[in-house]
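Participant: Quick one: sequence and predicted model below, then my questions.
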Amino acid sequence: MTSQPTPFVIAIDGPSGSGKSSVSRAVASSVGGGYLDTGAMYRALTWRCLHDEVDLQDPEAISAAALSLPLEMGDDPSAPSVHVGGTDVAEAIRSSGISSRVSRVATVPAVRTEMQRRQRALIEDIAARRGTCVAEGRDITTVVAPDAPVRILLTASQEARLRRRSLEVHGASDEAAIAATRDQVVRRDQDDSTVSQFTVAADGVVAVDTSDLDFDGSVEAVLTVVRAAWAS
Ligand SMILES: Nc1ncnc2c1ncn2[C@@H]1O[C@H](COP(=O)(O)OP(=O)(O)OP(=O)(O)O)[C@@H](O)[C@H]1O
Ligand SMILES: Nc1ccn([C@H]2C[C@H](O)[C@@H](COP(=O)(O)O)O2)c(=O)n1
C-alpha cells in the first residue's frame, strides 16, 4: 500500500447493520492503525445508567451520568475493549437490553455534546499515537471529525442490513428471525436519525454501498477510498 500521511483520520458513518464496526476494524488492522467505536461509548453510558438505576425518562439525570462517566476505550482493532469504572463491559453492552434502550440515551442533546467532546479527544490521541485512527458511528463524518481526510458513509439496503444482523444475533435469516431483529435495526435507526444524519452522504463524504458486496469486498471498497486519499 502507498505509505500514509500521519496523523491520519478515517471517519466512517452508517446505519445499523451496514457493517461499520466490522469493516472499520478490518480497515484499521490493514493500515496498522487504531480504532474507535463511538457507538460503544453510548452503549457504555446506557449500561452505567441501568447499573446505577438512573431514570431513562429523565434527560438531566442521564446527562449528569454522561458527565461523570469513568469510561476507558481501548483502541486495538483486533480486541477493542470498553471499561466503565474498571469493569469490563465490552460484552454486556451488546445485550438486547442495551440495544433496545441506547437510543433513548444517545438522543439527549447534552449527552451528545459530552460524548462528541470525548470522541474528538480520543481520535486525536489515537491518531497521534498510532498514526491512523479509524473512527465509526453516526455523526463522525459530519459533526465529530468533519475535517477528516477520509470520510465514508457505509450503506446497505434495509433488507441486507436486517439479514446480516439477524444472522449475527439469531443465527438465521428466516421471517421470524428478521421480525425479531427489526427493532434493533429499523426502529433504532428511526430514533437515532432524529439527532444525526446518516442516511445520505453529506458534501465531500464518499458513499460506499455494500448491499451486494461480501465482507471482504466491503473492506476492499473502503481501502480503495483510503488509498486514493493517500495518493492525492
Ligand atoms: N458486506 C458484508 N456482507 C455480509 N455481512 C457483513 C458485511 N458487512 C458486515 N457484515 C456482517 O454484518 C453484521 C453487522 O455488521 P456490524 O456490526 O459491523 O454493523 P454496524 O454497522 O456496526 O451495526 P451497528 O451500528 O448496529 O453496530 C456482522 O455480523 C458483520 O460481520
Ligand atoms: N456517533 C454515534 C454512534 C452511535 N450513536 C448511537 C446510535 C446507536 O443506537 C447507539 C449504538 O451504536 P452502535 O453500537 O449500534 O453503532 O449509539 C450515535 O448516536 N452516534
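Facilitator: The structure has been received and is ready for your questions. All values derive from a computational prediction rather than experimental measurement. Numbers count the residues shown, from 1 in each chain. Ligands and ions are numbered 1, 2, ... in the order given.
Participant: Spatially central residue in this protein, please.
Facilitator: Nearest residue to the geometric centre of the chain (C-alpha atoms, centre = their mean): residue 137, 3.0 Å.
Participant: Nearest residue to that one in space, please, no chain neighbours.
Facilitator: residue 38 (3.5 Å; C-beta to C-beta, 6 or more residues apart in numbering). Where C-beta positions appear, they are placed from N, C-alpha and C, glycine not excepted.
Participant: which non-adjacent residue is nearest residue 221?
Facilitator: residue 208 (5.0 Å).
Participant: would that neighbour count as being in a strand?
Facilitator: Yes - applying DSSP: H, G, I helix; E, B strand; the rest coil, one finds residue 208 inside a strand.
Participant: near ligand 1, which residues of this structure show up?
Facilitator: Within the chain, the positions lying close to ligand 1 (C-beta under 6 Å from any ligand atom) are 14, 16-23, 39, 164-165, 168, 210, 213-215, 218.
Participant: so who does the closest residue to ligand 1 within the chain touch?
Facilitator: Nearest to ligand 1, among the residues of the chain, is residue 19, at 2.8 Å (C-beta to the nearest ligand atom). Contacts for residue 19 (C-beta atoms under 8 Å, 6 or more residues apart in numbering) come out as 154, 156, 164, 210, 215, 218.
Participant: got it, and residue 20?
Facilitator: 12-14, 39, 136-137, 154.
Participant: Grab the CA positions of stretch 158-177 and hand them over as CSV.
Facilitator: This file holds the C-alpha atoms of stretch 158-177, laid out as CSV (Å, rounded to 0.1, in the frame of the first residue of the first chain):
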residue,chain,number,x,y,z
GLN,A,158,-32.6,-2.3,4.7
GLU,A,159,-33.0,-5.9,3.6
ALA,A,160,-29.3,-6.6,3.6
ARG,A,161,-28.9,-5.0,7.0
LEU,A,162,-31.7,-6.9,8.6
ARG,A,163,-30.4,-10.2,7.1
ARG,A,164,-26.8,-9.5,8.4
ARG,A,165,-28.0,-8.6,11.9
SER,A,166,-30.4,-11.4,12.0
LEU,A,167,-27.7,-13.9,11.1
GLU,A,168,-25.4,-12.5,13.7
VAL,A,169,-27.9,-12.4,16.6
HIS,A,170,-30.2,-15.3,15.8
GLY,A,171,-28.0,-17.5,13.5
ALA,A,172,-30.8,-17.4,10.9
SER,A,173,-32.4,-15.0,8.5
ASP,A,174,-35.9,-16.6,8.1
GLU,A,175,-39.0,-14.5,8.6
ALA,A,176,-39.2,-15.0,12.4
ALA,A,177,-35.6,-14.1,12.9
